[in-house]
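J.: Quick check, what structure comes out for this input:
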Amino acid sequence: MSDYRLVRISISGLSPLEHYRFGECIARTADELGRNILVMASGDLSHKLAEDGPYGYAKEGPEFDSQVTKAMRNADFMQFLQFTDEMTEAAAECGLRAFIIMAGAVDGKAVEPDFMSYEGPFGVGYAVCAYQTTGEDQSRRFAGRYEAQREEKIRQARQSEDEYVKLARMTLESYIKTGKELEMPAGLPEEMLKNRAGVFVSLKVDGRLRGCIGTLCPTAANIAREIMQNAVSSGTGDPRFSPVTERELVNVEYSVDVLSESEPIDSMEQLDAKRYGVIVTKGGRRGLLLPNLEGVDTPEQQVAIALKKAGISSSEKYAMERFEVVRHR
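T.: Next up is the predicted model:
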């Protein structure tokens, strides 16, 4: 090819759906300018295919490569949108968001795939696939289908949420829409009004963490107040994220963890990643990890993450505590 202009576009930390929408914007702009375009989506698949590779091995590595190459062969761009963060992070891939931009650029188009190759030398996956548009196909409006599935999932979640989750949602929605704290709702269960406990409120959008703030020990008059203050903090005060916007509220999924009192432990043998959360302490540094988190399967993984959060080296001498939670979703 000759006599062309090249525009380099990077990926971002935004959601897969935002990248798909960006691809739609590229195609729409090309149409308005009357230009023919070729979208080249470049990036590696998993970096975790072999123990002797530069990045080591994870079981999610070959699983991801198998699923994503199948989607490439079948032009199943819906699958590109449905990979979980846990899967892509464990597989250590770097190309998926580029592929999604490309998919968005041919939204609503019939495409003919030409899968050319796949290889995994040195523990890193590489695939090559080309697509030629062959006409219109309204069944391939994947962003709309994805949003409809998400809306149905959220609708079902709202119908089944208990009083703990409902209170967290109502509190954050009220604060973001009005800037004011929610009045304590009437009719809350007695255990929420009489008992005190540490509480974590976690927020997710499209399966991705959007905020998580909590208290190890009770700081409010009761569990209800603890939920309310931590719901606002999770949505507006988590330093890892920008504040949740009103536009996002419809897609936020909530979970509320009510913590038991922690107890000191002497070794990892007293931990169970599914049952117990862990707290690590060294001087004024303290890190916590909740139990039963996707992708965290062993006490060793649990403690390593908690140490990293606290800024404690694994070579330092540190204290450990364990606790249980009641999780509300």
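
J.: need the helices for the stretch 151-300 of the chain, in chain order.
T.: Counting by DSSP state H, counting those that start in this stretch, the segments of the stretch 151-300 of the chain that form helices are 163-178, 190-194, 223-236, 299-310.

J.: from what I can see Gly214 touches Asp257, true?
T.: Yes. Counting by Cβ atoms under 8 Å, Gly214 touches Asp257, with 7.0 Å between them. (Each C-beta comes from the backbone N, C-alpha and C, glycine too.)

J.: nearest to Gly123, of the helices of the stretch 151-300 of the chain?
T.: helix 299-310 (20.7 Å; Cβ to Cβ).

J.: Only the buried residues of the closest one, if you could.
T.: 299, 302-303, 305-307, 310 (16 or more other Cβ atoms under 10 Å).

J.: try stretch 318-326
T.: 318, 320-325.

J.: Go ahead and name everything in contact with it.
T.: Under the contact criterion Cβ atoms under 8 Å, 6 or more residues apart in numbering, stretch 318-326 has outside partners 200, 257-266, 268, 270-271, 275-282, 290-291, 303, 307, 312.

J.: and that stretch, what's its mean pLDDT?
T.: Stretch 318-326 carries an average pLDDT of 95.

J.: Distance from the chain centre to it, please.
T.: 24 Å (Cα atoms, centre = their mean, to the nearest Å).

J.: beta partners for the most centrally placed residue in the chain?
T.: Nearest residue to the geometric centre of the chain (Cα atoms, centre = their mean): Arg208, 1.8 Å. Beta-bridge pairing of Arg208 under DSSP bridges involves Val205.

J.: ok, it touching Ser15?
T.: Yes. Using Cβ under 8 Å, Arg208 is in contact with Ser15, at 6.5 Å.

J.: Report how many residues lie close to Gly53.
T.: Neighbours of Gly53 under the rule other Cβ atoms under 10 Å: 17.

J.: Quickly note the distance from it to Val250.
T.: Per Cβ to Cβ, to the nearest Å, Gly53 is found 42 Å from Val250.

J.: Quick one: the strands in the stretch 51-200 of the chain, in order.
T.: 109-119, 126-136, 199-205 (DSSP state E, counting those that start in this stretch).

J.: Mean confidence (pLDDT) on the second one, please.
T.: For strand 126-136, mean pLDDT is 97.

J.: now the shortest one
T.: Taken as a whole, strand 199-205 carries a mean pLDDT of 95.

J.: Give me the angle between that strand and helix 163-178.
T.: 60 degrees (axes from the mean of the first three to the mean of the last three Cα atoms, to 10 degrees).

J.: Keeping just the C-alphas, turn strand 199-205 into PDB.
T.: Extracted in PDB, the C-alpha atoms of strand 199-205 (Å, rounded to 0.1, in the frame of the first residue of the first chain):
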ATOM      1  CA  VAL A 199     -18.000  -2.700  57.100                       C
ATOM      2  CA  PHE A 200     -16.600  -2.700  53.500                       C
ATOM      3  CA  VAL A 201     -18.700  -1.400  50.600                       C
ATOM      4  CA  SER A 202     -17.400  -2.500  47.100                       C
ATOM      5  CA  LEU A 203     -18.600  -1.100  43.800                       C
ATOM      6  CA  LYS A 204     -18.100  -2.700  40.400                       C
ATOM      7  CA  VAL A 205     -19.000  -1.500  36.900                       C
END
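
J.: Please produce TSV containing the buried residues of helix 299-310, extended by pLDDT and distance to Arg28.
T.: Shown next, in TSV, are the buried residues of helix 299-310 (pLDDT from 0 to 100; distance: Cβ to Cβ, whole Å):
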residue	pLDDT	distance to Arg28
Pro299	94	50
Gln302	94	46
Val303	95	49
Ile305	94	42
Ala306	94	46
Leu307	95	47
Ala310	93	47
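
J.: Kindly indicate which of the residues you listed lies nearest Arg5.
T.: The nearest one, if we look at those relative to Arg5 and count by Cβ to Cβ, is Ile305, at 45.4 Å.

J.: contact partners of stretch 296-308?
T.: 268-269, 271-273, 278-280, 287-289, 291, 313-314, 318, 320.

J.: most neighbours per residue, which of the helices of the stretch 151-300 of the chain?
T.: helix 223-236 (a mean of 23; mean count of other Cβ atoms under 10 Å).

J.: the inter-axis angle of that helix versus helix 163-178?
T.: Using the same axes, to 10 degrees: helix 223-236 against helix 163-178 is 50 degrees.

J.: how far is helix 223-236 from where the chain is centred?
T.: Distance, centroid of helix 223-236 to centroid of chain: 21 Å (Cα atoms, centre = their mean).

J.: name the helices or strands packed onto that helix?
T.: helix 163-178, helix 190-194, strand 199-205, strand 208-214, strand 252-259 (3 or more Cβ pairs under 8 Å, 6 or more residues apart in numbering; DSSP states H and E).

J.: what's the closest of these to Gly95?
T.: Checked against Cβ to Cβ, the stretch from the helices and strands packed on helix 223-236 lying closest is strand 208-214, at 18.0 Å.
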